[in-house]
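J.: I'll drop the sequence and a predicted model, then ask my questions.
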Amino acid sequence: MRKGLSPIIAVILVLLIAISLTVLAMVWLPRFTSRLFPEVLFNESYMRSRACLSIEDVKGLFGFFTIKNCGKIPL
């Protein structure tokens with residue numbers, strides 16, 4: 001009578017395969033996306049996501065207004 005893999009060994013093998021595929025994807029995806037999207041576009045998009053402007057005060061007669069930088073990068 002032949003026996004197969006024990007359930008514990010099978011679970012360990014499945015977990016090892018899943019972990020190795022995850023690590024492979026984490027290494028491969030940044031390289032792939034850096035080829036798809038040039039660094040300049042990525043940096044501009046990143047900078048825009050961290051930028052924030054807030055209108056603090058508006059003086060209606062002359063059209064003067066005060067803007068505050070509420071983001072995390074200098075504008």
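T.: Good, I have the coordinates.
J.: so what secondary structure elements neighbour the helix or strand harbouring Thr33?
T.: Of the helices and strands defined by DSSP states H and E, Thr33 is found in helix 7-36. Contacts defined by 3 or more C-beta pairs under 8 Å, 6 or more residues apart in numbering; DSSP states H and E place helix 7-36 against no helix or strand at all. To be clear about C-beta, it is placed using only N, CA and C from the backbone, and glycine gets the same treatment.
J.: Give me the mean pLDDT for that helix.
T.: Per-residue pLDDT values over helix 7-36 give a mean of 89.
J.: just stretch 50-70 next, same as before
T.: Mean pLDDT, computed over stretch 50-70, is 83.
J.: That stretch: end-to-end distance?
T.: Across its full length, stretch 50-70 reaches 9 Å between end residues, using C-alpha to C-alpha, to the nearest Å.
J.: Pull up the gap between the residue nearest the centre of the chain and Leu53, please.
T.: Centroid-nearest residue in the chain, with C-alpha atoms, centre = their mean: Tyr46, separated by 9.3 Å. Per C-beta to C-beta, to the nearest Å, Tyr46 is found 17 Å from Leu53.
J.: for Ser6, phi and psi?
T.: Torsion angles at Ser6 (phi, psi; degrees, to the nearest 10) stand at phi -70, psi 150.
J.: just Gly4 next, same as before
T.: Residue torsions, per degrees, to the nearest 10, at Gly4 are phi -90, psi -170.
J.: Distance check, it against Val14.
T.: Separation of Gly4 from Val14 (C-beta to C-beta): 14 Å.
J.: Between the two, which has more neighbouring residues?
T.: Neighbours per residue (other C-beta atoms under 10 Å) separate Gly4 from Val14, with Val14 holding more: 10 against 7.
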